[in-house]
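S.K.: Sequence plus predicted model, see below.
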Amino acid sequence: MIAHHQEELDLARRGRENQERLTANLKPNYDFIVCGAGASGSVLARRLAENPDVDVLLLEAGGSDDVAAVLDPAQWPTNLGSERDWGFQAEPNPHLNNRSLSMSMGKALGGGSSINVMVWARGHRSDWDHFAEEAGDAEWGYENVLSIYRRIEYWQGAPDPDYRGTTGPVWVQPASDPSPIAHAMLAAAAELDIPTFDSPNGAMMEGSGGAAISDMLVRDGRRHSLYRAYVHPVLDRPNLTVLTGATVRRVTLDGKRATGVEIARGGQISTIGARSEVVLSLGAMHTPKVLMHSGIGDREELARFGIPLVQHLPGVGRNLQDHVSFGCIWEYAEPIAPRNSGSEATLYWKSRPDLEAPDLLFCQVEFPVPSERTAALGVPEHGWTMFAGLARPASRGRLLLQSADPMAPITIDANMLSDPIDVEAAARCVELCRDLGNAQSFRPYVTREVMPGSLTRDALEDYIRNSAVTYWHQTCTAKMGRDPMSVVDHRLNVYGIDGLRIADGSIMPRVTTGNTQAPCAIIGERAGEILRKAHGF
Ligand SMILES: Cc1cc2nc3c(=O)[nH]c(=O)nc-3n(C[C@H](O)[C@H](O)[C@H](O)COP(=O)(O)OP(=O)(O)OC[C@H]3O[C@@H](n4cnc5c(N)ncnc54)[C@H](O)[C@@H]3O)c2cc1C
């Protein structure tokens, strides 16, 4: 253990010194520029840099992840609203009683994977098969994706070679020593005839759903972000430069070929060239934004701000999806301190039996999580939340520019619950929450259901609109596909532009069933495979 710790310290020092050297001597050109060191970008940069002959620049607007708020799993909520959060705010939404939701996204090395709740959820079989169908490419299908998961995981739970790998970079473990209420959640599921599983990742996500103790990216008691898993161990390579505090303003183009990027850093604007390709991994808000500022997007939207059109792609910034969630809260009989990240049990189920796959997603949270509106109903000092959401929302949002200035914010019309089907599913979702939370198995741990309680249908709808918050799974704004609203093809090429690809949650045609960082890791892995093949290395 001591020897391992010393090795870690040595590696960190070598990496730091190497990066100080590389960033003090930035080159005018790199082979590949990966924009955004988040969940997908971290994976991709590592895979490209594994070839020592390939020079990779990884650009990140945020800063270091080497702070307790990131590395200590229990401290994740303290990142919300901090310098490590972009702090997006959606427009007031009439379907949420005119509430304007906060839409946090990570701004630091690791992106969302440095501030998230660390849950590892692979997505449902039908999600990946849908991606393959949309893309017209079986390599995006479940069977292939399952083999990638096996390859990248360093699984710490009970051996399960059909589903789990033990030689990859991503340390995945079942939540260690979960809270009694996490076990109560599984017991309550069983009371309602919902099957329970050893892990949510495997057979559970091939069928109708179930309940399990969550898998987490936590290693030796510390957050194991996708940046820590993939990039941190290779920071000492001479062919990988990681530049923080660098905000990508736009892609530079020569006609319809991407030539590099324009960045803002330390008050200076400069350009850096890409000999091979530029990849946008800026997340679902900023990837479409940077495309639009580069002249790639909807003709009319760009014309509003006089941005010269390079490629008309009406789907840029459309199709915004997210899991909307509703907190139902119970008061503890005796306070129970949260363990791990405070979210250790998960459940997926269908709102209607005829659905092909689960459309409801529950993550238990071991402390109260009201919305700013439901907080007024009175929050218990000690309580827990069933954080229950729509895994397959029908509502779609849109991103719009506010200005021709690349540093200006964007307008987010999240449009949650605009489709009445979602309100129906939400009502079923909250009813199921109540059935679970009020089940026999929770009795030893709770005194009472604090909210919502038994409500008339109208009052329940009002509760849904007042309690709705984001699950922070914003995705799908530059979707992969073959229809006119698609932005990238099956090889992640931006339609109509050479040398420009997208690899992040934006390319999802539909948000996956479950938390989104594991699918974003797959997108990074696929991008790595595709680029290595395209460039013959
Ligand atoms: C609070 C919170 C909790 C979550 N909990 C979970 C969870 O428990 N499990 C789970 O699976 N998922 C969770 N998620 C979602 C998950 O983290 C994201 O879906 C995932 O990180 C998205 O990956 P990405 O690569 O698309 O983008 P990101 O991870 O967001 O990465 C984008 C990166 O690009 C950088 N960037 C953006 N704009 C620029 C620019 N102009 N120039 C340079 N850099 C830029 C960002 O700073 C960021 O580092 C959570 C997210 C949040 C915010």
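M.R.: Yes, it's here.

S.K.: can you list the residues of the stretch 251-400 of the chain near the ligand?
M.R.: Contact residues, the stretch 251-400 of the chain versus the ligand (C-beta under 6 Å from any ligand atom): S281, L282, G283, A284, H286, V290. (Glycine included, C-beta is placed from N, CA and C.)

S.K.: Give me the nearest residue to A503, chain neighbours excluded.
M.R.: Counting by C-beta to C-beta, 6 or more residues apart in numbering, A527 is the residue found nearest to A503 once chain neighbours are left out, at 3.5 Å.

S.K.: can you give me phi and psi for that neighbour?
M.R.: Its backbone dihedrals place A527 at phi -60, psi -40, with angles given as degrees, to the nearest 10.

S.K.: Show the average pLDDT along the helix or strand encompassing Q19.
M.R.: Taking DSSP states H and E as the definition, Q19 sits inside helix 2-24. For helix 2-24, the mean per-residue pLDDT is 90.

S.K.: change the start of the numbering to 424 and stick with it
M.R.: Noted, 424 is the first residue going forward, which turns the last one into helix 425-447.

S.K.: Could you pull out the buried residues of that helix?
M.R.: Neighbour-count burial for helix 425-447, counted by 16 or more other C-beta atoms under 10 Å, picks out G438, N441, Q442, L445, T446.

S.K.: okay if I get these as a markdown table plus distance to the ligand?
M.R.: Compiled in a markdown table, the buried residues of helix 425-447 are given as follows (distance: C-beta to the nearest ligand atom, whole Å):
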| residue | distance to the ligand |
| --- | --- |
| G438 | 18 |
| N441 | 21 |
| Q442 | 16 |
| L445 | 17 |
| T446 | 15 |
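
S.K.: what about the residue nearest to D621 when sequence neighbours are not counted, how many residues close to it?
M.R.: Nearest residue to D621 in three dimensions, chain neighbours excluded: A581, at 6.2 Å (C-beta to C-beta, 6+ apart). A581 is surrounded by 9 other residues when neighbours are defined as other C-beta atoms under 10 Å.

S.K.: element containing A581, please.
M.R.: Here A581 is assigned to no helix or strand, by DSSP H and E.

S.K.: Touching, it and F620? I think so.
M.R.: No: checked against C-beta atoms under 8 Å, the pair A581 and F620 is beyond contact range at 11.4 Å.

S.K.: most neighbours, which of the residues of the stretch 674-823 of the chain next to the ligand?
M.R.: Using other C-beta under 10 Å as the neighbour definition, those reach their maximum at S704, which records 33 neighbours.

S.K.: Now it: closest residue in space, sequence neighbours ignored.
M.R.: Closest residue in space to S704, ignoring its immediate chain neighbours: G464 at 3.1 Å, by C-beta to C-beta, 6+ apart.

S.K.: Give me the distance between that neighbour and the ligand.
M.R.: Between G464 and the ligand the computed distance is 6 Å (C-beta to the nearest ligand atom, to the nearest Å).

S.K.: backbone phi and psi for Y771, please?
M.R.: phi -120, psi 130.

S.K.: Bridged to it, which residues?
M.R.: Each beta-bridge partner of Y771 is listed here: G633, L784, as defined by DSSP bridges.

S.K.: Got the confidence number for it?
M.R.: Each residue has a pLDDT score; the one for Y771 is 98.

S.K.: you'd agree it is up against A814?
M.R.: Yes: applying C-beta under 8 Å, one finds Y771 in contact with A814, separated by 6.6 Å.

S.K.: the more surrounded of those two?
M.R.: Here Y771 and A814 are compared on neighbour count by other C-beta under 10 Å; more neighbours surround A814, at 29 against 25.

S.K.: Contact partners for that one?
M.R.: Residues counted as contacts of A814 (C-beta atoms under 8 Å, 6 or more residues apart in numbering) are H746, Y771, P781, D782, L783, L784, V934, T936, G937.

S.K.: Skip the chain neighbours and tell me the closest residue to it.
M.R.: L784 (4.0 Å).

S.K.: Please report how far A613 lies from E847.
M.R.: Distance, A613 to E847, using C-beta to C-beta, to the nearest Å: 26 Å.

S.K.: Next: A681.
M.R.: With distances defined as C-beta to C-beta, the gap from A681 to E847 amounts to 44 Å.

S.K.: any idea how far the residue nearest to D621 lies from the ligand?
M.R.: A581 is 22 Å from the ligand, by C-beta to the nearest ligand atom.

S.K.: quick one, phi/psi of that residue?
M.R.: Dihedral angles of A581 (phi, psi; degrees, to the nearest 10) stand at phi -60, psi 140.
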